[in-house]
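Colleague: below is the structure, and that's it, no one-letter string:
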RNA sequence: CGGCGUGUGGCUCAGCUUGGUAGAGCGCUACGUUCGGGACGUAGAGGCCGCAGGUUCAAAUCCUGUCACGCCGACCA
């Protein structure tokens, strides 16, 4: 009883203060530490290992579609950044500038990349001569810097890790296909690996990327009912190509502009994992992204044979391909249970003298704390079952939560009231006029999250102005 | 950029109102006892009280300035 109390004191309850809960989990799960640089964090081993797994999974999927990895400079000369008008205007307010090299002022200042469109364009302008050079499907893993005013671990930091894909194509159609293809890669990754359901759709002109012709997005819903933009894929048309003069000679010896795309996913997804799956005991990692899937916790480990058995189990499970560790630290079992739970390790296996006597072990799921007593010779098979089930149920649970927090409305008063009182997505029709988006933001602080690919007609008229509606839009308050 | 808040052993904080020997809990080290939901005993180590000025016989405490970080808003992945 007293121990339970201590547990809840360690992490602020979600219902009490979601923001504080998030910070507590991030710290208790040892994902990050704050630093003396505002808005920049140390990503600790437990956090970085999640990112490495995200990289591994995404990179594999990218390469399956023909992506090649490259690396470009982290500095962008001001003149280069200036070349595409919308792009500069979008990013100028939040770039960091390098003005000196050593003690000497630079002739031209350079910004630390907030994104690398301009550098890729500069590069492609040299690289691409002929239709035979196309397409180029490059990606880079790097960090970027955006001088944010308010910052939060993973969700909004001044420096963050990401990948940015940048492609050039001969035709508009090919560019559009690549844009959609990569959005689908992101969506599949989110659902299959992170167990986070997403809405696929297009951003409105107001919300689209600076310099893009079209921005596609996957939107997910956090436990507190706020939306999180989880991955974007942009079709640039030939806008950047014209600004940077990226031309190729086609089969008929005519000069043509290339068509470009870019797409990115960031360490923000770690924040999404926390806010979609976490609970009052801490982090809950989907088995397919967890750096450690199983923690073996020996009970009364000083007793003859217990530790040996624990390590034997570990070796057997490692052999079978699981990520496993033994907690043989000098802590009490209760302590170890709490640690495993705070860190979100999907499953723990308890093994003590009684189990050894009965030739069994106890498997405990992190997400619902369900205990299963398993005969030792069935451990591998059962564990695989438990992890697969857990992965599946986490996605289902997240989807059920999202669906339960998605509301359809057709009357403006109800729209405003819903956004105010019920955290979640609100689906409503829109005329396509930015003035309505602006008014909605003014009235509710909510923004258009996306125009989903899967459209439905909820009514004939725009939720805001009453003019004929063009599209159904997901609205919500976003991180 | 505005509002709020916080800087004191590794961590969380008390002490500041009313100036006078720097404290607690946790953690850490050693030894011993424990071990199925955050165990316990004994003995230790560890602090220019964010930084800089000022007032004073005397400053963690009062005054001025400054830096940093956190949270909440407007802008953004």
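Modeller: Thanks, I have it. Quantities reported herein were computed from a predicted structural model and do not represent experimental measurements.
Colleague: now do the helix or strand harbouring residue A:24: distance to the chain's middle.
Modeller: Under the criterion of DSSP states H and E, residue A:24 resides in helix A:18-28. Remark: helix A:18-28 is offset 17 Å from the chain centroid, using Cα atoms, centre = their mean, to the nearest Å.
Colleague: what's the first helix or strand after it?
Modeller: strand A:32-34.
Colleague: give me the next element, helix or strand, following that next one.
Modeller: For strand A:32-34, the succeeding helix or strand toward the C-terminus, using DSSP H and E, is strand A:41-43.
Colleague: can you give me the helices in the stretch 351-479 of chain A?
Modeller: Here the stretch 351-479 of chain A has its helices, by DSSP state H, counting those that start in this stretch, at A:353-358, A:379-404, A:412-421, A:434-444.
Colleague: could you report the pLDDT at the residue nearest in space to the middle of chain A?
Modeller: Computing the C-alpha centroid of chain A and ranking residues by Cα atoms, centre = their mean puts residue A:269 first, at 2.2 Å. In this model, residue A:269 is scored at 96, pLDDT.
Colleague: so it touches residue A:54, yeah?
Modeller: Yes: using Cβ atoms under 8 Å, residue A:269 makes contact with residue A:54 at a distance of 6.1 Å. C-beta coordinates here come from the backbone N, C-alpha and C atoms, glycine included.
Colleague: what's the neighbour count on residue A:339?
Modeller: Residue A:339 has 20 neighbouring residues, counting by other Cβ atoms under 10 Å.
Colleague: do the same with residue A:15
Modeller: Quick note: residue A:15 (other Cβ under 10 Å) scores 9 neighbours.
Colleague: ok but it is inside a helix, no?
Modeller: No: according to DSSP: H, G, I helix; E, B strand; the rest coil, residue A:15 belongs to no helix; its state is coil.
Colleague: against RNA strand B, how distant is it?
Modeller: 15 Å (Cβ to the nearest atom of the strand, to the nearest Å).
Colleague: all strands of the stretch 51-200 of chain A, in order?
Modeller: With DSSP state E, counting those that start in this stretch applied, the stretch 51-200 of chain A shows strands at A:68-69, A:75-77, A:96-101, A:104-112, A:136-145, A:159-169, A:199-202, listed in chain order.
Colleague: adding mean pLDDT and mean neighbour count, write the ones you listed out as a markdown table.
Modeller: What follows is these, written out as a markdown table (pLDDT from 0 to 100; neighbours: other Cβ atoms under 10 Å):
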| stretch | mean pLDDT | mean neighbour count |
| --- | --- | --- |
| strand A:68-69 | 98 | 12 |
| strand A:75-77 | 94 | 18 |
| strand A:96-101 | 87 | 11 |
| strand A:104-112 | 90 | 13 |
| strand A:136-145 | 96 | 18 |
| strand A:159-169 | 96 | 22 |
| strand A:199-202 | 97 | 21 |
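Colleague: thinking again about what came up before, doesn't the residue nearest to the centre of chain A fall inside a helix?
Modeller: Yes: counting by three-state DSSP, one finds residue A:269 located in a helix.
Colleague: and RNA strand B, which of the helices of the stretch 351-479 of chain A is closest to it?
Modeller: Closest to RNA strand B of the helices of the stretch 351-479 of chain A, according to Cβ to the nearest atom of the strand: helix A:353-358, at 3.2 Å.
Colleague: between the helices of the stretch 351-479 of chain A, which gets nearest to residue A:101?
Modeller: With Cβ to Cβ, the closest approach to residue A:101 among those belongs to helix A:434-444: 42.5 Å.
Colleague: one step back: state the distance from the residue nearest to the centre of chain A to RNA strand B.
Modeller: Computed with Cβ to the nearest atom of the strand, the distance linking residue A:269 and RNA strand B is 9 Å.
Colleague: repeat that for residue A:378.
Modeller: Using Cβ to the nearest atom of the strand, residue A:378 is found at 16 Å from RNA strand B.
Colleague: and the helices in the stretch 201-350 of chain A?
Modeller: For the stretch 201-350 of chain A, the helices defined by DSSP H, counting those that start in this stretch cover A:239-244, A:268-277, A:306-319, A:333-342.
Colleague: quick check: residues of the stretch 151-300 of chain A near RNA strand B?
Modeller: Residues of the stretch 151-300 of chain A found near RNA strand B (Cβ under 7 Å from any atom of the strand) are A:151-158, A:160, A:209, A:229, A:232, A:264, A:266-268, A:281, A:299-300.
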